[in-house]
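# kindly generate the corresponding structure for this input.
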Amino acid sequence: MADILIDGVSKVFTTARKRTLALNETSLTIASDEIVCVVGPSGCGKTTLLNLIAGFIEPTAGTISVASRRVEGPGADRAVVFQADAVFPWQSVGQNVGYGMRMRGVGRAERAARVEHYLNLVGLSDFRSAYPKELSGGMRKRVDLARAYASGPEVLLLDEPFGALDLFTKEAMWLALQGVVRTEPKTIVFVTHDIEEALFLGDRVVVMTPRPARVHSVVDVPFGADRSLDLRADTDFQALRNEIAHTLREVQDDAA
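Predicted structure coming up:
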């Protein structure tokens, strides 16, 4: 069953000075509980596609549906994690994770239980009373992830969430996300510039063309659900990485 259906979507941004076609007749089907990573040249429209799925902007043409419901704006069925931290500095870790539930009127007892559950999943149980200024960048990103999960979405949208982290922290976040998804699968769309990140986390990798963006190709990732960091040294992993890198160079050369 398709959880996300993107059907012939185009997006034009218009200002007083110019008209920019950011996304052009893009179609993609994403299955329930599938992790799809989107890669492409910088500025090609990856984030535009994510914002369209989130309902932050409207398509100029075409339609997007989530669980057979047409996207006509933001909704509780979709949660977004951005590259920049979205934690509230005046709230504790536990309050941050429970924020979305409190806004929806979830009772205190249920909210506390769910906060505890998701803090356990991301390894922050001992930091529930800490404030963001007391946390590392990776720990704040775990708070973002826990809060997104705790809000109970059907779809999780991640826009280069680990892009600002150092390599070792990024690797730890890969494993943290993998562990959370193993416990509670979600349909995930993950935008990244990092091909290895896409191959480590994704079930499929979508390669986008330069602007105006469209889907150039979709690569199946054959490495199974349980992946260790050592996978990156595997010959097949590196061959697939090189194949995607070559495709990205080709699409950029074709657009030049």
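# please tell me how far residue 127 sits from residue 143.
Counting by CB to CB, to the nearest Å, the gap from residue 127 to residue 143 is 9 Å. For every residue, glycine as well, the C-beta is placed using N, CA and C.
# the two: which has the busier surroundings?
Counting neighbours by other CB atoms under 10 Å for residue 127 and for residue 143 shows that residue 143 has the greater number, 27 against 18.
# so who does that one touch?
Counting by CB atoms under 8 Å, 6 or more residues apart in numbering, residue 143 touches 87, 93, 96, 97, 122, 124, 132, 135.
# quick one: what helix or strand has residue 17 in it?
Per DSSP states H and E: residue 17 is located in neither a helix nor a strand.
# picking up where we left off before, nearest to residue 38 among the contacts of residue 143?
Each of the contacts of residue 143 was scored against residue 38 by CB to CB, and residue 122 proved nearest at 23.4 Å.
# per-residue pLDDT, the closest one?
On pLDDT, residue 122 comes in at 88.
# now it: closest residue in space that isn't a chain neighbour?
residue 142 (4.2 Å; CB to CB, 6 or more residues apart in numbering).
# burial measure for that neighbour, as a count.
Per other CB under 10 Å, the neighbour tally for residue 142 reads 26.
# and it, what does it touch?
Residues in contact with residue 142, defined by CB under 8 Å, 6+ apart, are 122, 123, 124, 173, 176.
# just give me the neighbour total for residue 129.
By other CB under 10 Å, 10 other residues sit near residue 129.
# give me the common contacts of residue 127 and residue 143.
Residues touching both residue 127 and residue 143 by CB under 8 Å, 6+ apart: 93, 135.
# follow-up on the earlier one: need the max-distance pair from the contacts of residue 142.
Farthest apart among the contacts of residue 142 by CB to CB are 124 and 173. That separation is 12.6 Å.
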